[in-house]
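S.K.: Provided below for reference: sequence and predicted model.
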Amino acid sequence: MIGSGGSKLRELESKHGVNIATPPRGSDSDRVELEGPACGLEPLRQEIEEIVGERVEVLEALLPGQSSGGTDGADHSLPVSKHAPINLDQADGEIAEAIFFSPGSDMLEFLRFLDYLTAATASLDIAVFTLTHDVIADAVLKVHRRGVTVRIITDDDKSVDEGSDIGRLREAGIAVRMDDSPAHMHHKFAVLDGKVLITGSFNWTVGAQKANDENVLITNQGKLVKQYADHFEVIWERYKR
């Protein structure tokens, strides 16, 4: 299933937003290590099962900072987040964080973005030009399935692009509204629980994550959050149809 020159593995990495490490050629080991967010790893495991036609057994699952306890002396720990898990209800003080993506950047930036996105416990309002990153879509679905009220505003033209996840999010019961004009709904922001804002240049695509110079700003500065939350309501009503 590796494909010529590892092409199939690279395709799976891009689709699910994970890193795949296979044993070196000639190695006696058959251990394959996957690194990434849980919302991407489980769909990847299922797809690998379909490809190989056999059940894929997870021998060990590590949390950030845990060691695999291997006997070869190598460091098998996953990247460690610089911050504790995010709990918006217990967030004390100021949230003011910037995340930068650049060509070839590692998974830590993306994991941090997902940490925030999935921290919503009451509401998640998303206004995003295009959403084709399956891992981000899976994260949004995870939030929705926890009972969080999720609303999405997106561009009508981009919603029918090849690879768009908007259709399956809507089919899952998430409320979606779109513009209906030659102009574009070009926003890229999300408001979590009415108290935290995620915004920036970052479109929710694999290309933006892996190949572009992009920025994401996260803040709980009250006046800013309220302005974005209020504007979301304005365009939500504008695109009511």
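M.R.: Sure, I can see it.
S.K.: all contacts plus neighbour counts: C-alpha atoms, from now on.
M.R.: OK.
S.K.: next structured bit after the helix or strand where residue 114 lies?
M.R.: Residue 114 belongs to helix 107-117 when elements are defined using DSSP states H and E. Going down the chain from helix 107-117, the next helix or strand is strand 123-128, by DSSP H and E.
S.K.: other SSEs contacting that following strand?
M.R.: Packing contacts for strand 123-128, counted by 3 or more C-alpha pairs under 8 Å, 6 or more residues apart in numbering; DSSP states H and E, involve strand 149-154, strand 188-192.
S.K.: parallel or antiparallel, list what pairs with it.
M.R.: Under the criterion DSSP bridges, strand 123-128 sits next to strand 149-154 (parallel), strand 188-192 (antiparallel) in its sheet.
S.K.: now do it against helix 107-117, angle only.
M.R.: Using axes from the mean of the first three to the mean of the last three C-alpha atoms, to 10 degrees, one finds that strand 123-128 and helix 107-117 are set 130 degrees apart in direction.
S.K.: who's in contact with strand 123-128?
M.R.: Applying C-alpha atoms under 8 Å, 6 or more residues apart in numbering, the external contacts of strand 123-128 come out as 148-155, 185-194, 203-204, 232.
S.K.: and if you look at stretch 153-172?
M.R.: Where contact means C-alpha under 8 Å, 6+ apart, the residues beyond stretch 153-172 that reach it are 126-134, 137, 141, 176-180, 184-186, 236.
S.K.: cutoff 6 Å now
M.R.: The set of residues external to stretch 153-172 that reach it, using C-alpha atoms under 6 Å, 6 or more residues apart in numbering, is 127, 128, 129, 130, 131, 132, 176, 177, 178, 179, 184, 185.
S.K.: export these to TSV and tack on distance to residue 50?
M.R.: Conversion of those to TSV gives the following (distance: C-alpha to C-alpha, whole Å):
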residue	distance to residue 50
127	34
128	32
129	32
130	28
131	25
132	22
176	31
177	34
178	35
179	38
184	38
185	37
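S.K.: helices of the chain, start to end?
M.R.: In the chain, the helices defined using DSSP state H lie at 7-16, 38-52, 107-117, 134-145, 166-171, 206-210, 222-238.
S.K.: now find how far off-centre the fourth one is within its chain.
M.R.: What separates the centre of helix 134-145 from the centre of its chain is 8 Å, taken as C-alpha atoms, centre = their mean, to the nearest Å.
S.K.: what are the phi and psi values for residue 213?
M.R.: When quoted as degrees, to the nearest 10, the phi and psi of residue 213 stand at phi -90, psi 120.
S.K.: separation between it and residue 24?
M.R.: As judged by C-alpha to C-alpha, to the nearest Å, residue 213 and residue 24 stand 32 Å apart.
S.K.: neighbour count: those two, which is higher?
M.R.: Counting neighbours by other C-alpha atoms under 10 Å for residue 213 and for residue 24 shows that residue 213 has the greater number, 16 against 9.
S.K.: surely that one and residue 101 touch.
M.R.: Yes: counting by C-alpha atoms under 6 Å, residue 213 touches residue 101, with 5.4 Å between them.
S.K.: list the contacts of residue 34.
M.R.: Shown here is residue 34, whose contacts under the criterion C-alpha under 6 Å, 6+ apart are 19, 20.
S.K.: whoops, I mixed them up, residue 115
M.R.: Under the criterion of C-alpha under 6 Å, 6+ apart, residue 115 has no neighbours.
S.K.: could you check how far it is from residue 12?
M.R.: Noted for residue 115: a distance of 22 Å to residue 12, by C-alpha to C-alpha.
S.K.: quick one: low-confidence parts of the protein?
M.R.: For the chain, the stretches flagged by pLDDT under 70 are 1-5, 17, 27, 29-30, 36-42, 57-85, 90-92, 106, 241.
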